[in-house]
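**Student:** Below are the sequence and a predicted model; questions follow.
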Amino acid sequence: MIVRNKILDKIRNIGIMAHIDAGKTTTTERMLFYTGKKYKIGSVDEGTATMDWMDQEKERGITITSAAITCPWKDTRINIIDTPGHVDFTIEVERALRVLDGAVAVFDAQAGVEPQSETVWRQADKYEIPRIAFMNKMDKTGADFKNSIQTMVDKLAANPVAIQLPIGSESDFRGVIDLIKMKSIIWTNDEGSEFEYRDIPESLFEEAMNVREDLIMHAAEYDEELMEDFLEGKEIESEKLKSAIRKGTINNQIVPVLCGTAFKNKGIQPLLDAIVDFLPSPVDMPPIKAINLNSGKEIEILTNPEDDFIAMAFKIMVDPFVGKLTFLRVYSGSLKKGSYVYNSNKGKKERISRMLFMHADKREEIQELFAGDIAAVIGLKNTITGETLTENNADIVLEKIEFPEPVISLSLEPSSKADVTKLSKALEALAEEDPSLRTYIDKETGQTILSGMGELHLEVIIERIKREFSVNLRVGHPQVAYKETIKKEGIGEGKYIRQSGGRGQYGHAVLKVEPLENESAHFIFEDKTTNGVIPKEFIAPIETGVKESMQVGPLGGFSMINIKVSVINGSYHEVDSSEIAFSIAGALAFKDAIKKCDPVLLEPIMKVEITTPEDYMGDLIADLNSRRAKINGFENKGILRIIDAQVPLSELFGYATVIRSLSQGRATHIIQFSHYNEVPKKVTEKLGY
């Protein structure tokens, strides 16, 4: 049982993030053991890890969904979210970082920065999350602490600063040097629960002094008094050095780096100390930006338990025992069990019946939530991921979470009529949990289409549909989620005029449609009419009609992106004009313009990074070339070679089996979405478009 601590500076909301297999979940398991949350160390390999509680996670040995847990360390409460490392589940990282105050980036000390490390690091950059780094697996063959730190500089443009040095490496790794206290830490039992502070070995003392001097120089930039002491040659106090490191970390100027081996139970207690010492509490973070819906102005929300309640729902989970759980990050105020909250996105009131601190899949009932808390609540029926909850009907909306577009699809066919209903309920529940999933009915075939972020993502979802919801179904082959766009501009006109005895319908719009140079925006709509040719209240319906038309492109019926639409002319009727008439007119005008805009098919291009012994380079490159790959470059990493390439997703189905065969199982690869590109004409013709 955790004693509630309302002192905000004694809370840490952190995420554990990294590349797949860097040891995030193992590191978290050790944290739970040493903080007293577990009495036995869990293992990913044995399927007993607390944070990997789903059946699929236990079977595959990977993290699929971000698990939340609360644990105490000294006088601080740490809320930990262990995020997935596999690129197919990047949405879990995105929404976790949106609500966290700090993060621990775990790296494999032999590999350093790996592809997904870069992805999660950029996500943390976007939300300006302060970070510390943990070089894990120091006992692994080829572990290199200095080289791993250098990869953070080279690949992440980070400013890593070592606050520890390893004592030995690979099989000789036995402890760390604490550069703040200038003492060595040696673990004295196999469980890692006992350790001693000792003098630094003579052979490492000079190196430790040099690295500590570098640490002080970096930290002194954030503390004038420390800078003066350093320049005057005074002895630097540990607490003063820690305070300066904390300032630099919270300002996102430096990244303190620690090391250890979670699997061998070394280095975790100092990591917990570093989380408390260097990562921010809720009050250290800048105010959260929000929009006042009444005035349309941006406002700032301070983390204060005395203010009105404001929270964000950042994750939905269906628990087989208690039903729908909504995970909240509370930014302001407090809330008691049984209270009503106001969903300002939907303008609806909801009642919270229960509140829980989550310990992975276990739960602890609580009576009240305070600013800074992360917890799950029960009773919210209409709230989904990214929505804002307030009290007193406050029309305030926090900045929403952005979700990536799916790139791959499957067709689903229920085996019986009973399975049709069960499938519908399953998809509704899973789509609510995972906003990166999309489902729709193909109008031509009547099949249910499920779209997601990758083959593994959909594979896991299919297993959950079958197991958790007991649905019998047939699954079609994976299909690429193509998009459509245009290559030149065109003007289209749409008129919708109906007379039927009483009041008629009249809508008339002229649109200019052109390619969008800033592709990241996907769609821009502008009103360029003058002299009131179309009243302002009919402009939004035109946009609605355009957006509906963009869902079905002219080539293959795929949704359209990277398009700018401008309303340049039109007319209206004082009596007969209506919103529905202008919505239809907008759709007709868009379809008319698109015919003149040279529409083309787009396909998702994936970034592929292959790590292989040199013996298999030739075969792997030849195979990539046969898949329309663009080879960007090569890199050496010890005895291994890294191939960096971009390959169309349509050419990568079943690639895991092929690469295993070509390299006798010795090559590894990572695939993640890069961008959309125009499909070559020959391929378009082959597809029949």
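**Tutor:** Yep, it's here. Numbering: from 1, shown residues only.

**Student:** most residues in a single strand of the chain, which one?
**Tutor:** The longest strand of the chain (DSSP state E) is strand 599-613.

**Student:** Identify each buried residue in that strand, please.
**Tutor:** Of the residues in strand 599-613, 599-612 count as buried by neighbour count, 16 or more other CB atoms under 10 Å. Just so you know, the C-beta spots here come from the backbone N, C-alpha and C atoms, and that holds for glycine as well.

**Student:** Could you report the neighbour count for I563?
**Tutor:** Neighbours of I563 under the rule other CB atoms under 10 Å: 23.

**Student:** which residues touch it?
**Tutor:** T485, I486, V513, E514, P515, L516, H522, F523, I524, M550 (CB atoms under 8 Å, 6 or more residues apart in numbering).

**Student:** can you give me the strands for the stretch 151-300 of the chain?
**Tutor:** 160-162, 164-167, 175-178, 183-187, 195-198, 255-259, 288-292, 298-301 (DSSP state E, counting those that start in this stretch).

**Student:** Export the ones you listed to a markdown table and append columns for mean pLDDT, distance to L100 and mean neighbour count.
**Tutor:** Shown next, in a markdown table, are the strands of the stretch 151-300 of the chain (pLDDT from 0 to 100; distance: least, CB to CB, whole Å; neighbours: other CB atoms under 10 Å):
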| stretch | mean pLDDT | distance to L100 | mean neighbour count |
| --- | --- | --- | --- |
| strand 160-162 | 96 | 20 | 23 |
| strand 164-167 | 96 | 24 | 25 |
| strand 175-178 | 96 | 26 | 24 |
| strand 183-187 | 94 | 28 | 20 |
| strand 195-198 | 93 | 29 | 13 |
| strand 255-259 | 97 | 16 | 25 |
| strand 288-292 | 89 | 12 | 17 |
| strand 298-301 | 89 | 16 | 12 |
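
**Student:** nearest to Y222, of those?
**Tutor:** Of all the strands of the stretch 151-300 of the chain, the one in closest proximity to Y222, counting by CB to CB, is strand 160-162 (11.2 Å).

**Student:** Counting by contacts, list what the closest one packs against.
**Tutor:** helix 145-156, helix 202-220, strand 255-259 (3 or more CB pairs under 8 Å, 6 or more residues apart in numbering; DSSP states H and E).

**Student:** for these, which one sits closest to E170?
**Tutor:** helix 145-156 (11.1 Å).

**Student:** And that closest one, what does it pack against?
**Tutor:** strand 102-108, helix 115-126, strand 131-136, strand 160-162, strand 255-259.

**Student:** quick revisit: sheet partners, orientation included, of the longest strand of the chain?
**Tutor:** strand 483-486 (antiparallel), strand 640-648 (antiparallel), strand 668-678 (antiparallel) (DSSP bridges).

**Student:** chain center to stretch 326-337, what's the gap?
**Tutor:** Mean-position distance between stretch 326-337 and its chain equals 22 Å (CA atoms, centre = their mean, to the nearest Å).

**Student:** and it, C-alpha only, in CSV?
**Tutor:** The C-alpha trace of stretch 326-337 is given here as CSV (Å, rounded to 0.1, in the frame of the first residue of the first chain):
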residue,chain,number,x,y,z
THR,A,326,-9.6,5.3,-18.5
PHE,A,327,-6.1,6.3,-17.7
LEU,A,328,-5.8,10.0,-16.6
ARG,A,329,-3.0,12.5,-16.1
VAL,A,330,-4.2,15.1,-13.6
TYR,A,331,-2.7,18.5,-14.4
SER,A,332,-4.6,20.7,-11.9
GLY,A,333,-6.9,20.4,-8.9
SER,A,334,-8.2,17.3,-7.2
LEU,A,335,-11.1,14.9,-7.6
LYS,A,336,-12.9,12.6,-5.2
LYS,A,337,-14.4,9.2,-6.0
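
**Student:** L511 pairs with what?
**Tutor:** Taking DSSP bridges as the rule, L511 bridges to G492, V567.

**Student:** would M17 count as being in a strand?
**Tutor:** Yes. Using DSSP: H, G, I helix; E, B strand; the rest coil, the secondary structure at M17 is a strand.

**Student:** ok, how many other residues are close to the closest residue to it other than its chain neighbours?
**Tutor:** Excluding the flanking residues, the one nearest M17 by CB to CB, 6 or more residues apart in numbering is V120, at 4.4 Å. Using other CB under 10 Å, V120 has 25 neighbouring residues.

**Student:** V120 touches A22, doesn't it?
**Tutor:** No. Look at V120 against A22 with CB atoms under 8 Å: they stay out of range, at 10.2 Å.

**Student:** For the stretch 201-350 of the chain, which residues score under the pLDDT cut-off?
**Tutor:** Within the stretch 201-350 of the chain, the stretches with pLDDT under 70 are 319-321.

**Student:** Now do the helices in it.
**Tutor:** 202-220, 224-231, 238-250, 268-278 (DSSP state H, counting those that start in this stretch).

**Student:** pLDDT on stretch 440-449, on average?
**Tutor:** In this model, stretch 440-449 carries a mean pLDDT of 73.

**Student:** which is the next helix or strand following the lowest-mean-pLDDT helix or strand in the chain?
**Tutor:** Using mean pLDDT, DSSP states H and E, helix 55-60 stands out as the lowest-scoring helix or strand of the chain, at a mean of 42. Once helix 55-60 ends, the next helix or strand along the chain (criterion: DSSP states H and E) is strand 67-73.

**Student:** Parallel or antiparallel, which strands does the helix or strand following that next one pair with?
**Tutor:** Sequence-wise, the next helix or strand downstream of strand 67-73 (DSSP H and E) is strand 76-82. Here strand 76-82 has these sheet partners by DSSP bridges: strand 11-18 (parallel), strand 67-73 (antiparallel).

**Student:** Most tightly packed of these?
**Tutor:** Of the strands paired with strand 76-82, the one with the most neighbours on average (mean count of other CB atoms under 10 Å) is strand 11-18, at a mean of 26.

**Student:** K488 is in contact with V513, isn't it?
**Tutor:** No. Contact criterion CB under 8 Å: K488 and V513 do not qualify, at 9.6 Å.

**Student:** Look at these two and report which has more neighbours.
**Tutor:** The neighbour count for K488 versus V513, taken as other CB under 10 Å, is higher for V513 (24 against 11).

**Student:** Tell me the confidence at that one?
**Tutor:** pLDDT at V513 comes out at 97.

**Student:** now G452
**Tutor:** pLDDT, G452: 82.

**Student:** sec struct for the nearest residue to it once chain neighbours are set aside, please.
**Tutor:** If the residues on either side of it in the chain are set aside, G452 comes closest to L458, at 4.6 Å by CB to CB, 6+ apart. Secondary structure state of L458, per three-state DSSP, is helix.

**Student:** Against Q116, how distant is L458?
**Tutor:** Computed as CB to CB, to the nearest Å, the L458 to Q116 distance reads 19 Å.

**Student:** do the same with E432
**Tutor:** 26 Å.

**Student:** Next: L640.
**Tutor:** 17 Å.

**Student:** neighbour count winner among these two?
**Tutor:** Q116 (23 against 17).

**Student:** just the strands in the stretch 451-600 of the chain please.
**Tutor:** Taking DSSP E, counting those that start in this stretch, the strands of the stretch 451-600 of the chain run over residues 473-475, 479-480, 483-486, 490-498, 505-515, 523-527, 563-571, 599-613.

**Student:** Could you identify which of those strands has the lowest mean pLDDT?
**Tutor:** Looking at those, the bottom one is strand 479-480 with a mean of 82.

**Student:** other SSEs contacting it?
**Tutor:** strand 408-414.
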